[in-house]
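Student: Sequence first, predicted model second:
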Amino acid sequence: MFSEEIISNIRKIMRDRNLTQAAAAEYMGTSESQFSKILNGNVRLSLLQLENFARNLSMREIDVITYPKVYVEKGRPDEEPVEAILQIRLKKDVREKVLKTVFGEGNSLL
């Protein structure tokens with residue numbers, strides 16, 4: 001059952017992050033007794049509780065559902081390289097000092 005998998009993942013997250021039941025209940029926005037009932041399957045986990053739990057752990061809801069795997073949207077590149085270009089305008093005498101500092105006395109850029 002889907003909800004059992006989510007509860008299992010919540011238990012794994014608690015174990016991996018050394019969370020007490022009291023702390024996890026607080027993150028979820030519920031009482032310890034209610035949280036215990038959720039873990040035991042006597043009460044259903046609400047979407048709001050899942051959202052609170054994830055947000056308080058700096059996670060996304062989908063990552064709690066797929067834990068320990070992190071959900072990555074199809075077609076979304078994992079990491080695109082970031083390129084930054086810095087342009088600084090300097091007076092000629094300052095520019096020459098900077099170039100000498102960076103490239104040494106014998107640089108061919110001067």
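Tutor: Cool, the structure landed. Worth saying up front: this structure is predicted, and the values here are computed from it rather than measured. Numbering: from 1, shown residues only.

Student: element containing residue 69?
Tutor: Secondary structure assignment for residue 69, by DSSP states H and E: no helix or strand.

Student: no no, residue 24
Tutor: Here residue 24 is assigned to helix 21-28, by DSSP H and E.

Student: What residues sit buried inside the following helix or strand past that helix?
Tutor: Downstream of helix 21-28, the first helix or strand assigned by DSSP H and E is helix 32-39. Neighbour-count burial for helix 32-39, with 16 or more other CB atoms under 10 Å as criterion, is recorded at 35, 38-39. For the C-beta atoms, the positions are set from N, CA and C on the backbone; glycine is no exception.

Student: for stretch 8-20, same thing?
Tutor: Across stretch 8-20, burial judged by 16+ other CB under 10 Å covers 9-10, 13-14, 19.

Student: Now do it: distance to the chain's middle.
Tutor: Relative to its chain's centre, stretch 8-20 lies at 16 Å (CA atoms, centre = their mean, to the nearest Å).

Student: Take it, keep the C-alpha atoms, and write them as PDB.
Tutor: Provided in PDB are the C-alpha atoms of stretch 8-20 (Å, rounded to 0.1, in the frame of the first residue of the first chain):
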ATOM      1  CA  SER A   8       8.300   3.500   6.100                       C
ATOM      2  CA  ASN A   9      10.200   6.300   4.500                       C
ATOM      3  CA  ILE A  10       9.400   8.600   7.400                       C
ATOM      4  CA  ARG A  11      10.800   6.000   9.700                       C
ATOM      5  CA  LYS A  12      14.000   5.800   7.600                       C
ATOM      6  CA  ILE A  13      14.300   9.600   7.600                       C
ATOM      7  CA  MET A  14      13.900   9.700  11.400                       C
ATOM      8  CA  ARG A  15      16.600   7.000  11.800                       C
ATOM      9  CA  ASP A  16      19.000   8.600   9.300                       C
ATOM     10  CA  ARG A  17      18.600  12.100  10.900                       C
ATOM     11  CA  ASN A  18      18.500  10.800  14.400                       C
ATOM     12  CA  LEU A  19      15.100  12.300  15.000                       C
ATOM     13  CA  THR A  20      13.100  11.400  18.100                       C
END
